[in-house]
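> Coordinates for the following, if possible.
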Amino acid sequence: MSQQRTGRMRLLVIQAVVFSLFATLFVRLYYLQVVGGEEYHAQATSQSVREVVVQPQRGLIVDDMGRPLVANRTSWVVSIDRTVLGKLDEHQQKVLLERVAGVVDVPAHRIRALLVTCGEDGSEPGVCWNGSPYQPVPVAEDVKKSVALRVLEQPEDFPGVVAEQQSVRAYPQPYGINLAHVLGYLSPITEDELDRAEKDDDTSVNGASSVGRAGIEKEYDRWLRGMPGYKSVAVDSMGRVLGDDGEVAGEPGNTLVTSIDAKVQGTVERELADTIATARAQYDPVTHKNYVADSGAAVVMEAKTGRIVAMASQPTYDPSEWVGGITKKQLARLYSAKADNPLLSRATQGQFAPGSTWKPFMSTGALSDDLGPDTRLGCTSGLQIGNRWFKNYESESYGDISFAEALNVSCDTFFYRVGLHFWQKYGSDPANSKAKDPLAAAAHTFGFGAKTGIDIPGEASGRVGDRVWRASYYSSMKDFYCTMDRDGTAKTAFLKLFAHEFCLEGNYFRQGDSANFTIGQGDTIVTPIQLARAYAALSNGGTLYAPRVGKAVVGPDGTLIKKIPPKVVGHAKVSKQAIDYVDNALLGTLKSDGAWNGTLAWKFGDFPLDSVHLRGKTGSAEVEGKQSTSWVATYDENYVVVMMVTQAGTGSGTSGPAVRKIWESLYGIDGMTVNPKHAAIPGTTPPAGLPTFMRDGSILPPTAAKED
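Numbers count the residues shown, from 1 in each chain. Model (predicted):
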C-alpha cells in the first residue's frame with residue numbers, strides 16, 4: 001500500500017514539473033511573440049536590409065567656351081558581397097574567387113587583397129577596402145558588358161557577386177587635346193583621408209569615394225565631388241537583391257569652368273610635340289650628336305589677368321589610365337626616370353636655368369638703380385674675369401651698345417659688365433651675404449624664387465641664385481661636400497673639383513658669380529609658369545597675378561555658385577620708367593635694324609608686327625653635362641607665350657617657329673594678313689563672361705555680355 005502511495009506521489013511530482021516547464025515555455029513564447037515581438041521583428045528585418053552608398057556623379061570640367069574637358073560615362077563594375085562569401089566554406093570560396101578572377105581578368109590573389117578591410121591584418125595600403133563592411137566590394141571596374149551580363153544571368157555560379165553600372169571619368173579631348181597635367185586624375189580615398197573626413201564631419205566622402213589626386217581635379221575636389229546618396233535594399237540569405245527599401249538621393253557635383261581654350265590648347269600641344277620631334281632629328285655641332293630634346297613645356301597666359309589659356313608639358317600621359325584603377329606596371333612607367341617622368345609637369349614643377357630670358361629683369365633692376373637708359377657698355381667677344389674667360393655665347397661683337405640693343409642681340413658680355421658694376425659697387429666682399437644687390441632684388445620682385453600660387457597643386461618654387469641663397473646652401477651642404485673632398489668619393493672630375501672648391505669657399509659670391517647671374521646661368525632656376533607670369537608683369541606694367549585655371553563654379557542646374565576672379569599677389573618694385581624702357585626695347589628682338597638682327601627676327605621677319613605688337617626674348621641656357629635648353633618668351637598687350645625645350649639647342653632656332661604658329665592661331669594670322677574671323681578665340685581675346693548652361697543640360701559658348 002505504501003509503495004502505491006509512493007508511486008502516486010512521484011507521478012504527481014513529475015506532472016507538476018512537466019506542467020511548470022510547459023508553463024515557462026508558454027510564458028516565454030508569449031513574451032517573445034507579444035511583448036517583445038515588434039523589437040525582434042525589427043531586428044530580423046534589419047538583417048535582410050542593407051544600406052548601400054550611391055556615389056554621386058562628379059561635376060564636369062569645361063573650357064572657356066563650354067567644351068567638356070572632363071565628363072562622365074557609365075562603366076560596368078563587378079563587386080563581391082563579403083557577407084555571402086563568408087557563408088561559404090573555404091573550398092567554395094576558393095572556387096568562387098578563381099571563377100570570378102577568370103571572368104574579370106583580375107588575379108585571384110589581388111581579389112583577395114581587395115576584399116580585406118583596411119586596418120585589418122594583411123591589408124595592403126591602396127588596395128584594401130575602405131568602405132562599409134555591409135557593402136559589396138568592387139573587384140573589377142570598367143569590365144565588358146558581356147562579362148557583367150554573364151554574372152547577372154548566372155547567379156547560381158556567382159553567389160554574392162554583383163554587376164552594376166557606375167559613373168566614371170571620361171575625357172572627350174576636343175581638338176585632340178591631352179591636358180593631363182592640368183586636369184589631374186582620381187584615385188580611391190585613403191584610410192587617413194577618410195579618418196580626417198569623419199573627424200571633420202565631412203559627409204561628402206565615404207570609403208568608396210574617389211578623390212582628386214593632381215591638377216584641378218585635386219584643387220577643386222570639394223566642388224566637383226558632389227554628395228553621396230544612400231539606398232536600402234532587401235536581400236535574401238545568399239545576398240541577392242530582392243528589392244529597394246527606400247533611398248536618400250545624392251547630389252551631383254558642380255561644374256568647373258576653366259580659362260583653358262581647347263582650340264588654343266590643341267595648337268600648343270601639337271606645336272610643342274612637333275618641336276621636340278624636329279629637334280631630335282637635328283644635329284648638335286657642340287656634342288656631335290642629335291639633340292636629345294627630352295622634355296618641354298609651353299604656356300599661354302592672359303597678360304592682364306594671369307589666367308591660363310593653354311598649358312602643355314612633355315612627356316605626358318593618358319589621364320584615362322587612372323580610370324578603373326591603375327596597374328603597377330603603368331604606375332611604374334609614370335614615375336620612371338627612363339621614361340623621363342611623365343607625371344612631372346614641366347610647366348609648373350620643372351625647374352630650369354632661364355638663360356637669356358632672364359636679362360630683361362636684370363635690366364629693370366639696373367635701370368632702377370644708377371645705370372640710366374643712356375648707358376652704353378661693351379659688347380665684346382668675351383671678358384676676362386679673374387682666371388676665367390667668359391665668352392659671348394649668342395651674339396657677335398658690337399662695340400659699345402645700349403641696354404635695348406643688348407637685349408635685342410642678347411649680348412652676354414654687356415650683361416657681364418652690368419653684373420660686375422654692381423658687384424664692385426655694393427658687394428666686393430664675396431663673403432658678405434647681406435650686401436645690397438639691385439639685380440637680385442629685381443629677380444625677387446618679379447616673383448622668382450617663390451611659388452606663383454597657381455591653382456594647380458605641387459608647384460615648384462625655383463630659386464634665385466644670389467648671395468643669400470649661396471650662404472644658405474653652403475651652410476646646409478658644407479659637411480656633405482667636405483666629406484666628399486676629404487674621402488675622394490667624387491664620381492667625376494668636375495664633381496671632384498667642385499667639392500674641393502665648395503668646401504673651401506662655397507659661401508663666396510665672386511665676380512664671376514655676379515656675371516653669370518645676370519645672364520640666367522649659375523645657380524638660378526625657374527619654372528616656365530614663373531617666367532610667363534613675370535613677362536605678363538612687363539606687359540601689364542608690373543602687376544603680378546597668381547595664375548588661374550579655374551574661372552567659376554556652376555551648380556548642376558546652371559546656377560553660378562562661385563566666381564574665381566584674377567588674384568593680384570604683388571607689384572614689381574622697380575621703376576615704371578625701367579619697365580617701360582624694357583617693354584619698348586623688346587619690340588626690337590623680332591626686327592632687323594640695319595647693323596644687326598634681333599635674335600627672333602629670322603623667324604618673325606615676315607610677321608605682321610605693325611598689327612600685332614609682339615615683344616620677345618630668346619634664351620639658350622647651358623647645363624653642365626647636357627645640351628642647351630631652348631627658351632622663347634614673347635608677349636603683347638593681351639597674351640604671353642612661353643616655350644621651353646630641354647637639350648634642344650638655341651631658343652629662336654628650336655622654339656621660335658612653334659611660338660610663331662601659336663601667335664598665328666591666337667589672332668588668325670595668315671602670312672602678313674590678320675583675320676580675326678580665323679582666330680582660335682572669337683574676338684581675338686578670351687571671353688569675359690561664362691558659358692551658358694541650358695536646362696536640357698547643353699552648354700553654349702559665352703554671350704557678348706561682360707562679367708560684373
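> all contacts plus neighbour counts: C-alpha atoms, from now on.
Noted.
> Please enumerate the strands of the stretch 151-300 of the chain.
Assigned by DSSP state E, counting those that start in this stretch, the stretch 151-300 of the chain shows strands spanning 161-170, 186-188, 210-212, 229-235, 241-248, 255-258, 283-284, 289-290, 295-302.
> can you tell me which of the ones you listed comes nearest to Gly555?
Evaluated with Cα to Cα, these place strand 255-258 nearest to Gly555, the distance being 6.2 Å.
> check contacts around Tyr508.
430-432, 467, 470-471 (Cα atoms under 8 Å, 6 or more residues apart in numbering).
> Which of those residues fall in helices?
467, 470-471 (DSSP state H).
> Just confirm Gly296 contacts Val645, I think it does.
Yes: Gly296 lies in contact with Val645 (Cα atoms under 8 Å); the separation is 4.1 Å.
> which residues are common contacts for the two?
Ile276.
> When these two are compared, which one has more neighbours?
Val645 (32 against 28; other Cα atoms under 10 Å).
> was I right about that one contacting Arg280?
No: using Cα under 8 Å as the test, Val645 is too far from Arg280 to be in contact (10.9 Å).
> Give the residues shared as contacts by the two.
Ala293.
> Residues touching the lengthiest strand in the chain, excluding its own?
When the chain is parsed with DSSP state E, its longest strand is strand 68-80. Contacts of strand 68-80 with the rest of the structure, by Cα under 8 Å, 6+ apart, involve 57-63, 104, 136-145, 148, 160-174, 183, 262.
> mind checking how far Arg307 is from Asp105?
Applying Cα to Cα, to the nearest Å, the value for Arg307 to Asp105 is 44 Å.
> Neighbour count: the two, which is higher?
A side-by-side neighbour count of Arg307 and Asp105, using other Cα under 10 Å, places Arg307 first with 27 against 11.
> Excluding chain neighbours, what is closest to the more buried one?
Arg548 (4.7 Å; Cα to Cα, 6 or more residues apart in numbering).
> just checking, what packs against whichever strand or helix holds Gly419?
Per DSSP states H and E: Gly419 is located in helix 412-426. Under the contact criterion of 3 or more Cα pairs under 8 Å, 6 or more residues apart in numbering; DSSP states H and E, helix 412-426 touches strand 377-379, strand 382-385, strand 388-391, helix 403-409, helix 511-518.
> about what we covered before: can I get the ones in helices among the contacts of Tyr508 in JSON lines including pLDDT, neighbour count and distance to Arg213?
Converted to JSON lines, those look like this (pLDDT from 0 to 100; neighbours: other Cα atoms under 10 Å; distance: Cα to Cα, whole Å):
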{"residue": "Arg467", "pLDDT": "96", "neighbour count": "25", "distance to Arg213": "37"}
{"residue": "Arg470", "pLDDT": "95", "neighbour count": "18", "distance to Arg213": "35"}
{"residue": "Ala471", "pLDDT": "95", "neighbour count": "18", "distance to Arg213": "36"}
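> Could you export the residues you listed as a markdown table, including distance to Asp485?
As requested, those are exported to a markdown table (distance: Cα to Cα, whole Å):
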| residue | distance to Asp485 |
| --- | --- |
| Arg467 | 23 |
| Arg470 | 19 |
| Ala471 | 19 |
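> Okay, buried residues for the helix or strand Val568 falls within please.
In the assignment (DSSP H and E), Val568 maps to strand 567-571. Buried residues in strand 567-571, counted by 16 or more other Cα atoms under 10 Å: Lys567.
> Off-centre distance for that strand?
What separates the centre of strand 567-571 from the centre of its chain is 22 Å, taken as Cα atoms, centre = their mean, to the nearest Å.
> follow-up on the earlier one: ok, of the contacts of Tyr508, which one's closest to Thr599?
Distances from Thr599 to the contacts of Tyr508, taken by Cα to Cα, are shortest for Arg467, at 30.7 Å.
> can you tell me which residues contact the closest one?
432-435, 508-509.
> cutoff 7 Å now
433, 509 (Cα atoms under 7 Å, 6 or more residues apart in numbering).
> Poorly predicted segments of this structure, please.
Within the chain, the segments meeting pLDDT under 70 span 1-13, 15-51, 233-246, 704-708.
> Need the residue closest to the centroid of the protein.
Taking Cα atoms, centre = their mean, the centroid of the chain lies closest to Gly215, which sits 3.4 Å from it.
> Got the phi and psi for the residue nearest to it when sequence neighbours are not counted?
Excluding the flanking residues, the one nearest Gly215 by Cα to Cα, 6+ apart is Gly184, at 4.0 Å. The phi/psi pair for Gly184 (degrees, to the nearest 10) reads phi 80, psi -160.
> three-state assignment of Pro342?
Secondary structure, DSSP: H, G, I helix; E, B strand; the rest coil: Pro342 is coil.
> for the spatially closest residue to Met65 that is not a sequence neighbour, what are its contacts?
Excluding the flanking residues, the one nearest Met65 by Cα to Cα, 6+ apart is Pro701, at 4.5 Å. Pro701 is in contact with 65-66, 691-692, counting by Cα under 7 Å, 6+ apart.
> make it 10 Å
By Cα atoms under 10 Å, 6 or more residues apart in numbering, the contact set of Pro701 is 63-67, 687, 689-693.
> for the strand or helix carrying Ala578, packing partners?
Using DSSP H and E, Ala578 falls within helix 576-585. Helix 576-585 sits against helix 359-367, helix 403-409, helix 528-540, strand 615-623, with contacts defined as 3 or more Cα pairs under 10 Å, 6 or more residues apart in numbering; DSSP states H and E.
> With respect to Cys128, which of those lies nearest?
Distance to Cys128, taken as Cα to Cα, is lowest for helix 528-540 among the helices and strands packed on helix 576-585, at 38.1 Å.
> That's all I had, so thanks and see you.
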